[in-house]
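1. Pasting a predicted model and its sequence here:
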Amino acid sequence: MEFIIFLSKLDKEILELLKKTNYLVEENKIECLLNKEIKGLHNFKENIIVICTENAKRKTKYRGIKTHSNKDNFKMERAIRKALRHEATHVVQKCNGNKIIGDLKNLESKLHQSKRKALEFSTSKFSGTYSKEVEAYILEDKPKKVKEMLKKYCL
């Protein structure tokens, strides 16, 4: 799986925890081809997370590791890491009886304005509920918290 090369040490730990929760993490499946806007998705029924590496490459204008510095590929790394953490948050929510962990009013106040468009896309194009998506968008920037929650709620 190519996306692994873009993960930090902490994100690789999140990936290992997902495997311990009996989740499969796959890459570039048909769902990614059907919707070229997504960088990741959570198949709730089959316990599968899909990372859409090719979509992330296109959206971040990725040029390849060998030809450019890590600075040039920062957007790609960030996109892949956030996708994994976002989908891992949905796993935590599933482990928590299909409910969010935090308080929605408190969560909404923490949601950065730049993520509002992505939130609208997630809730209109997919089956994600508003509160679950808000929480996932906030936690995609908090890998330590995602790791802690996976341990607490899923293992």
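-> Now that the structure is in, tell me what you want to look at.

2. do you know how far Lys9 is from Lys144?
-> 12 Å (C-beta to C-beta, to the nearest Å). (C-beta placed from N, C-alpha, C; glycine too.)

3. other SSEs contacting the strand or helix carrying Tyr153?
-> Using DSSP states H and E, Tyr153 sits in helix 143-154. Packing contacts for helix 143-154, counted by 3 or more C-beta pairs under 8 Å, 6 or more residues apart in numbering; DSSP states H and E, involve helix 9-20, helix 74-95, helix 130-139.

4. Let me have those in CSV, adding distance to Lys151 and mean pLDDT as columns.
-> Converted to CSV, the helices and strands packed on helix 143-154 look like this (distance: least, C-beta to C-beta, whole Å; pLDDT from 0 to 100):
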stretch, distance to Lys151, mean pLDDT
helix 9-20, 7, 98
helix 74-95, 10, 96
helix 130-139, 14, 89
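
5. Would you agree Glu135 is in contact with Gly102?
-> Yes. Taking contacts as C-beta atoms under 8 Å, Glu135 lies within contact range of Gly102: 6.0 Å.

6. Help me confirm that Lys12 comes into contact with Phe3.
-> No. Using C-beta under 8 Å, Lys12 is not in contact with Phe3; the gap is 10.9 Å.

7. neighbour-wise, which of the two wins?
-> Neighbour count, other C-beta atoms under 10 Å: between Lys12 and Phe3, Phe3 has more, with 27 against 12.

8. I'd assumed the more buried one was in a strand, is it?
-> No. Counting by DSSP: H, G, I helix; E, B strand; the rest coil, Phe3 falls outside a strand, being helix.

9. Quickly note the distance from it to Phe44.
-> 21 Å.

10. ok, now Phe6?
-> For Phe6 relative to Phe44 (C-beta to C-beta), the value is 25 Å.
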